[in-house]
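S.K.: sharing a model that was predicted from the sequence below.
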Amino acid sequence: MEDNEISTENGPQEHPIVEQIDTDFIDEFAASLKRVYEKHFPRKGDSWKDCDIEFLNNKLLEEMFEVETSGRWIPIRMGEFVDLALVAAMLWARDNTEFEERVDRAAERLPDDFNPYPSRR
């Protein structure tokens, strides 16, 4: 069976999605996030990395409210989506970093001869 085929009771059939998936809009959105982040960086810096996580959670709720109340004028609404996504990205990065730090701290407490798979010695 080829990569672009699916198995059916009548044998292999061409997959309904045979074209390359378009992800350009994700790249464009990411570029918008970077532009907004770089615009605010001189004033705010990396303060989001050290602020209380509850502050970022509240900021996310504020941005969601701003999206909801931004009306239908597309340029304003688009900007609010970018602001919302930027705060979400900050929370994602903080959670990801904190998770990795917790794993590293836990690993440091393990004995040198620790084997998570005892049957594989």
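M.R.: Happy to help now that I have it.

S.K.: tell me how far the ends of stretch 47-60 are from each other?
M.R.: Length of stretch 47-60, first residue to last, C-alpha to C-alpha, to the nearest Å: 15 Å.

S.K.: run the chain-centre distance for it.
M.R.: Distance, stretch centre to chain centre, for stretch 47-60: 16 Å (C-alpha atoms, centre = their mean, to the nearest Å).

S.K.: just stretch 102-119 next, same as before
M.R.: Centroid separation for stretch 102-119 versus its chain: 28 Å, with C-alpha atoms, centre = their mean.

S.K.: repeat that for stretch 60-73.
M.R.: For stretch 60-73, the distance from its own C-alpha centre to the chain's C-alpha centre is 20 Å (C-alpha atoms, centre = their mean).

S.K.: quick one: average pLDDT of that stretch?
M.R.: Per-residue pLDDT over stretch 60-73 has a mean of 89.

S.K.: cool, stretch 110-121 as well?
M.R.: Taken as a whole, stretch 110-121 has a mean pLDDT of 66.

S.K.: likewise stretch 84-93?
M.R.: Confidence for stretch 84-93, expressed as mean pLDDT, is 93.

S.K.: which residues are in contact with it?
M.R.: Here stretch 84-93 makes contact (C-beta atoms under 8 Å, 6 or more residues apart in numbering) with 29, 33, 36-37, 48-49, 53, 56-57, 59-60, 63-64, 66-67. In short, each C-beta sits where N, CA and C put it, glycine included.

S.K.: may I see the buried residues of that stretch?
M.R.: When burial is assessed from 16 or more other C-beta atoms under 10 Å, stretch 84-93 yields the following buried residues: Leu84, Ala85, Leu86, Val87, Ala88, Met90, Leu91.

S.K.: picking that back up, from the contacts of stretch 84-93, which land in helices?
M.R.: Using DSSP state H, the members of the contacts of stretch 84-93 that fall in helices are 29, 33, 36-37, 48-49, 53, 56-57, 59-60, 63-64, 66-67.

S.K.: and the residues you listed, which of them are buried?
M.R.: Buried, going by 16+ other C-beta under 10 Å: Trp48, Leu56, Lys59, Leu60, Glu63, Glu66, Val67, out of those.
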